[in-house]
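got a sequence here, can you model it:
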Amino acid sequence: MEYLSIIPATALGYLTFKVTSHPGSKFRKKMPNIIIKKRVHIFPAIRVYMFGRVFHLHHWVSLSILLFASFYATTGILDFMFTRGILVGGIIQGLTNMPKGHKKIIYKDFSLESLTSLSDRK
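Residues are numbered from 1 along each chain as shown. Purely as a prediction, here's the structure:
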(Lines give C-alpha, C1' and ligand atoms only; values in the text may rest on other atoms or scores of the structure.)
Protein backbone atom coordinates (compact mmCIF):
# COMPACT_ATOMS: atom_id res chain seq x y z
CA MET A 1 0.00 0.00 0.00
CA GLU A 2 2.92 2.30 0.67
CA TYR A 3 3.96 2.07 -2.99
CA LEU A 4 0.82 3.97 -4.06
CA SER A 5 2.21 7.14 -2.49
CA ILE A 6 5.07 7.26 -5.00
CA ILE A 7 2.88 8.44 -7.92
CA PRO A 8 1.53 11.66 -6.36
CA ALA A 9 4.90 12.27 -4.71
CA THR A 10 6.64 12.02 -8.09
CA ALA A 11 4.19 14.53 -9.57
CA LEU A 12 4.69 16.83 -6.59
CA GLY A 13 8.48 16.57 -6.89
CA TYR A 14 8.33 17.27 -10.61
CA LEU A 15 6.18 20.37 -10.19
CA THR A 16 8.16 21.64 -7.20
CA PHE A 17 11.49 21.41 -8.99
CA LYS A 18 10.00 22.88 -12.16
CA VAL A 19 8.96 25.99 -10.24
CA THR A 20 12.09 26.31 -8.12
CA SER A 21 14.86 25.39 -10.54
CA HIS A 22 13.84 26.98 -13.85
CA PRO A 23 16.06 30.06 -14.49
CA GLY A 24 13.09 32.14 -15.68
CA SER A 25 10.90 31.30 -12.70
CA LYS A 26 9.68 34.21 -10.55
CA PHE A 27 10.12 32.03 -7.46
CA ARG A 28 13.75 31.22 -8.26
CA LYS A 29 14.57 34.87 -8.90
CA LYS A 30 13.35 35.66 -5.38
CA MET A 31 15.51 32.98 -3.73
CA PRO A 32 18.71 34.22 -2.09
CA ASN A 33 22.14 33.35 -3.46
CA ILE A 34 24.42 31.77 -0.85
CA ILE A 35 28.06 32.26 -1.83
CA ILE A 36 31.14 31.27 0.16
CA LYS A 37 34.38 33.12 -0.70
CA LYS A 38 33.30 33.98 -4.28
CA ARG A 39 34.34 30.56 -5.58
CA VAL A 40 31.74 28.28 -3.99
CA HIS A 41 28.04 28.83 -4.62
CA ILE A 42 25.79 26.65 -2.47
CA PHE A 43 22.30 27.90 -3.22
CA PRO A 44 20.23 27.79 -5.48
CA ALA A 45 22.74 25.65 -7.37
CA ILE A 46 26.02 24.10 -6.26
CA ARG A 47 28.89 25.58 -8.26
CA VAL A 48 32.62 25.53 -7.59
CA TYR A 49 34.93 27.83 -9.56
CA MET A 50 38.50 26.51 -9.92
CA PHE A 51 41.18 25.82 -12.50
CA GLY A 52 39.50 28.21 -14.94
CA ARG A 53 36.36 26.07 -14.98
CA VAL A 54 32.94 25.96 -13.36
CA PHE A 55 32.00 22.65 -11.75
CA HIS A 56 28.22 22.70 -11.58
CA LEU A 57 26.34 20.03 -9.64
CA HIS A 58 22.83 20.04 -11.11
CA HIS A 59 19.89 19.20 -8.87
CA TRP A 60 19.24 15.97 -10.75
CA VAL A 61 22.79 14.78 -9.95
CA SER A 62 22.48 15.49 -6.23
CA LEU A 63 18.97 14.01 -6.13
CA SER A 64 20.27 10.86 -7.85
CA ILE A 65 22.91 10.50 -5.16
CA LEU A 66 20.26 10.93 -2.46
CA LEU A 67 17.96 8.42 -4.17
CA PHE A 68 20.77 5.88 -4.33
CA ALA A 69 21.51 6.48 -0.64
CA SER A 70 17.83 6.06 0.21
CA PHE A 71 17.91 2.42 -0.88
CA TYR A 72 20.41 1.73 1.90
CA ALA A 73 18.77 3.96 4.53
CA THR A 74 16.84 2.06 7.15
CA THR A 75 15.73 5.03 9.25
CA GLY A 76 15.07 8.70 8.71
CA ILE A 77 13.33 10.71 6.05
CA LEU A 78 15.07 8.97 3.12
CA ASP A 79 13.44 5.68 4.08
CA PHE A 80 9.92 6.87 3.16
CA MET A 81 8.42 6.09 -0.25
CA PHE A 82 6.96 9.58 -0.42
CA THR A 83 10.47 11.05 -0.15
CA ARG A 84 11.75 8.71 -2.84
CA GLY A 85 8.88 9.80 -5.09
CA ILE A 86 9.81 13.45 -4.67
CA LEU A 87 13.42 12.60 -5.49
CA VAL A 88 12.36 10.71 -8.62
CA GLY A 89 10.15 13.63 -9.71
CA GLY A 90 13.05 16.07 -9.31
CA ILE A 91 15.35 13.79 -11.31
CA ILE A 92 12.80 13.43 -14.11
CA GLN A 93 12.27 17.19 -14.25
CA GLY A 94 16.00 17.88 -14.34
CA LEU A 95 16.65 15.45 -17.15
CA THR A 96 13.67 16.34 -19.33
CA ASN A 97 13.36 20.12 -19.11
CA MET A 98 16.92 21.26 -19.66
CA PRO A 99 18.65 22.24 -22.88
CA LYS A 100 21.18 19.66 -23.99
CA GLY A 101 24.07 22.06 -23.42
CA HIS A 102 23.13 22.49 -19.77
CA LYS A 103 23.48 18.81 -18.87
CA LYS A 104 27.25 19.12 -18.58
CA ILE A 105 28.99 19.11 -15.20
CA ILE A 106 32.08 21.14 -16.18
CA TYR A 107 31.84 24.46 -18.04
CA LYS A 108 34.65 26.61 -19.42
CA ASP A 109 32.81 29.91 -19.10
CA PHE A 110 32.61 31.69 -15.75
CA SER A 111 29.64 33.86 -16.62
CA LEU A 112 26.44 33.05 -14.79
CA GLU A 113 24.43 34.23 -17.78
CA SER A 114 25.79 31.46 -19.99
CA LEU A 115 24.88 28.83 -17.39
CA THR A 116 21.30 30.00 -17.02
CA SER A 117 20.41 31.24 -20.50
CA LEU A 118 17.69 29.54 -22.49
CA SER A 119 18.93 30.67 -25.91
CA ASP A 120 20.46 27.30 -26.83
CA ARG A 121 17.31 25.34 -25.99
CA LYS A 122 16.72 22.58 -28.56
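
for residue 88, give its distance to residue 59.
Shown here: residue 88 relative to residue 59, a distance of 13 Å by Cβ to Cβ, to the nearest Å. Where C-beta positions appear, they are placed from N, C-alpha and C, glycine not excepted.

try residue 78
As judged by Cβ to Cβ, residue 78 and residue 59 stand 16 Å apart.

what ranges does the protein have for its strands?
Assigned by DSSP state E, the chain shows strands spanning 34-36, 40-43, 46-50, 53-57, 106-107.

which of those sits closest to residue 15?
Among the strands of the chain, the nearest to residue 15 by Cβ to Cβ is strand 40-43 (20.1 Å).

run through this structure and note the low-pLDDT ranges.
1, 101-103, 109-122 (pLDDT under 70).

wait, residue 20 touches residue 28, no?
Yes. Using Cβ atoms under 8 Å, residue 20 is in contact with residue 28, at 5.9 Å.

overlap of the contact sets of the two?
residue 44 (Cβ atoms under 8 Å, 6 or more residues apart in numbering).
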